[in-house]
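Asker: Just the structure for this:
(one chain, ligands or ions: 1)
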Amino acid sequence: MPEPAVLAIDGASIAYDAQPVLTGVTGRVGAGEIVALIGPNGAGKSTLIKAVLGLVPVTTGTIAVLGRSPAAARRDVGYVPQADTLDAQFPVSVTQVVLMGRYRRIGWLRRPARADRAIAADALRRVGLADRARATFGTLSGGQRQRVLLARAIAAQPRLLLLDEPFSGVDVVSQEALVRVLSQLRQHGTAVLISTHDLALARHVSDHACLLNRQMYGFGPTAATLTPDGLRATYGSRTLDRHGDDIVAAHR
Ligand SMILES: Nc1ncnc2c1ncn2[C@@H]1O[C@H](COP(=O)(O)OP(=O)(O)OP(=O)(O)O)[C@@H](O)[C@H]1O
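Answerer: Numbers count the residues shown, from 1 in each chain. As a prediction, the model looks like this:
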């Protein structure tokens, strides 16, 4: 018997109101696989991530996480939001933010046990911020805050991790930390869905790519999907930067 997919999307349309913003999405993400969502601004990448979280309705077709509805599977799904949606005013320490990742497992009314603190400390170490554990979250740089939120997500030990443009606006150190964490997650069998505008990073880290622009233009092994033809179809008349036969960057 083949392993059931961690995430299974079949002919899904997703809508905030009457008119769907995304249609015809079909694809599978298995344990330990990393899938990149690629498409221009407004393509529907964040919307798809929110639908997998059960926050935006699927109007036709289905989205199943571990064979359950997105809302029922929420406990097994981690989420790192876009950097610019973070609240830097949080008057809490870095460790407290990471421990929030444990509450869905231990319950909001219980105090974290020693094991939870060890898991949080390990998550901070994995993103390279062990030395900032006592710092106030708001005093960190944008890239460091993004890494703290990544630590919070991995401390929850999700089976599926959703990352919304984690590479945008972060420094090289943060990018390297993220690439390192992604490779560890793959080894642990965590499935990852990652939206990004960065084609080079997508090619570097992902096994599969999903091309989106209000509809799906392709889903498959990264090299076979991020082709000049596939990217041209997805981005339309927008400029694509070429290097030899390759398209290296797509403008938003
Ligand atoms: N809460 C909302 N209510 C109604 N429409 C929305 C809402 N959020 C987003 N949209 C619309 O859905 C479409 C897709 O937006 P989405 O944020 O998913 O795109 P994206 O691919 O993530 O873009 P970006 O790369 O700019 O983050 C856009 O037209 C947007 O205006």
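
Asker: Count the residues that sit near Gly67.
Answerer: 11 (other CB atoms under 10 Å). Where you see a C-beta, it was placed from the backbone N, CA and C, and this is true even at glycine.

Asker: Correct me if wrong: it contacts Pro4.
Answerer: Yes - Gly67 is within contact range of Pro4, at 6.0 Å (criterion: CB atoms under 8 Å).

Asker: Now find how far off-centre stretch 162-169 is within its chain.
Answerer: Centroid separation for stretch 162-169 versus its chain: 7 Å, with CA atoms, centre = their mean, to the nearest Å.

Asker: Contacts made by that stretch with the rest, please.
Answerer: With CB atoms under 8 Å, 6 or more residues apart in numbering as the test, stretch 162-169 has contacts from 45-46, 49, 52-53, 77-84, 142-143, 146, 150, 175, 178, 192-198, 201.

Asker: Show me which of those are buried.
Answerer: 45-46, 49, 52-53, 77-83, 143, 146, 150, 175, 178, 192-198, 201 (16 or more other CB atoms under 10 Å).

Asker: Intersect those residues with the contacts of the ligand.
Answerer: Taking CB under 6 Å from any ligand atom as the test, the ligand is in contact with 45-46 out of the buried ones among the contacts of stretch 162-169.

Asker: Am I right that Leu161 sits in a strand?
Answerer: Yes - the assignment for Leu161 by DSSP: H, G, I helix; E, B strand; the rest coil puts it in a strand.

Asker: Helix or strand: which one has the nearest residue to it once chain neighbours are set aside?
Answerer: Closest residue in space to Leu161, ignoring its immediate chain neighbours: Gly78 at 4.3 Å, by CB to CB, 6 or more residues apart in numbering. Assigned by DSSP states H and E, Gly78 belongs to strand 77-80.

Asker: Could you export that strand as CSV, CA atoms only?
Answerer: The C-alpha atoms that make up strand 77-80 are tabulated as CSV, following Å, rounded to 0.1, in the frame of the first residue of the first chain:
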residue,chain,number,x,y,z
VAL,A,77,-0.1,21.7,10.9
GLY,A,78,2.5,24.4,11.6
TYR,A,79,2.5,27.8,10.1
VAL,A,80,5.0,30.6,9.7
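
Asker: Tell me the residues on the stretch 1-150 of the chain that lie near the ligand, please.
Answerer: Within the stretch 1-150 of the chain, the residues that sit near the ligand (CB under 6 Å from any ligand atom) are 16, 21, 39, 41-47.

Asker: helix or strand right after the strand holding Gly78?
Answerer: Moving toward the C-terminus from strand 77-80, the next helix or strand (DSSP H and E) is helix 94-106.

Asker: Run through who's touching that next one.
Answerer: Around helix 94-106, the neighbours that count as contacts under CB under 8 Å, 6+ apart are 74-75, 78, 90, 112-113, 116-117, 119-121, 123-124, 129, 132-137, 140, 148-149, 151-157.

Asker: where exactly do the helices run in the protein?
Answerer: Along the chain, the stretches classed as helices by DSSP state H are 45-52, 94-106, 114-126, 142-155, 172-188, 199-205, 222-225, 228-235.
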